[in-house]
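Chemist: turn this into a structure:
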Amino acid sequence: MVLEFNLESQLVDSFIDTYQALENQIVVKELNIRHGNIDVVGIQNVNLPFSTEQIRVLSKPSSALVFSYLKNKQQLTKKNIQKNIGLSNTSLEGTLAELLKVGLIEKINGNFLRKEKFEFPKTVITGYEAKLTNFNKAFYQAKNNRPYVDYSYLVFPESIANRILLKNISLLIENDIGLIAVSKDKSRRLIKAQKNESMKNHIRLLNLAKSLTCIDSSKNQVFV
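Modeler: You can find the predicted model right below:
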């Protein structure tokens, strides 16, 4: 069997160049939004109304968690925050101090709330796991991606993707995972992923902040 690509990086580059669904999105390679990187992440509407330094702070899991839990107007005690988000006292104190320092939250009479009114943006985050041949590894990773993205896809060379479609279509559909076939001049969606309706706000905020941090400091981003 002759594969369309010799290297996984070639597959990824061809996919980004030819997959029309990535148009008008920010595309980041190797984005670390779970315990390990996702090969390609595409995000629609990635804008956040924060400074570069504030976004850097929100790219930390504990900061995104605390900021998401706080309210725009209602003041919350430190005890209430700790009880409901599960951080240790030391971790929570450090996180609150950093959020205060960059002006994301404020402290009034010993209680905390967001400094600026913030509404979570209507974003769509799609994760793509690309492999030349290893279906089992790709499926495991795509399934693990599900809590962190709105849609999760497998990306394979066209000849391999067609075989996967015949052999594993039921497995992919049962797990809401999509499948994309890539050749050197086009990419085709063979199975449509189903939306994850339960992504938590702090995960969405963390993903957006991390993607913007990557765009600011890395060469691993692609603007499509």
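
Chemist: shaky segments in the protein?
Modeler: The chain contains residues with pLDDT under 70 at 1-2, 215-224.

Chemist: quick check: residue 180 is in a helix.
Modeler: No. Residue 180 is assigned strand when assessed by DSSP: H, G, I helix; E, B strand; the rest coil, not a helix.

Chemist: thought it was touching residue 19?
Modeler: Yes. With contacts counted by CB atoms under 8 Å, residue 180 reaches residue 19, the gap being 6.8 Å. For the C-beta atoms, the positions are set from N, CA and C on the backbone; glycine is no exception.

Chemist: spit out the residues that contact the two alike.
Modeler: Counting by CB atoms under 8 Å, 6 or more residues apart in numbering, the contacts common to residue 180 and residue 19 are residue 187.

Chemist: run through the bridge partners of the nearest residue to residue 77 once chain neighbours are set aside.
Modeler: Spatial nearest neighbour of residue 77, excluding adjacent residues (CB to CB, 6 or more residues apart in numbering): residue 111 at 5.5 Å. Counting by DSSP bridges, residue 111 forms beta bridges with residue 108.

Chemist: what is the neighbour count of residue 34?
Modeler: Residue 34 has 17 neighbours, counted by other CB atoms under 10 Å.

Chemist: meant to ask about residue 71, not that
Modeler: The burial metric for residue 71, expressed as a neighbour count using other CB under 10 Å, is 12.

Chemist: residues contacting it?
Modeler: The contact partners of residue 71, taken as CB under 8 Å, 6+ apart, are 113, 114.

Chemist: ok so it is a strand residue?
Modeler: No. Counting by three-state DSSP, residue 71 is not part of a strand but coil.

Chemist: against residue 17, how distant is the residue nearest to residue 77?
Modeler: Per CB to CB, to the nearest Å, residue 111 is found 51 Å from residue 17.

Chemist: please apply the same query to residue 70.
Modeler: Counting by CB to CB, the gap from residue 70 to residue 17 is 41 Å.

Chemist: now residue 164
Modeler: For residue 164 relative to residue 17 (CB to CB), the value is 22 Å.

Chemist: neighbour-wise, which of these two wins?
Modeler: Comparing residue 164 with residue 17 by neighbour count (other CB under 10 Å), the higher total belongs to residue 164, at 21 against 15.

Chemist: give me the nearest residue to the more buried one, chain neighbours excluded.
Modeler: Take residue 164 and drop its neighbours on the chain: the residue closest to it by CB to CB, 6+ apart is residue 135, 5.7 Å away.

Chemist: now that neighbour: phi and psi?
Modeler: With angles defined as degrees, to the nearest 10, residue 135 sits at phi -70, psi -40.
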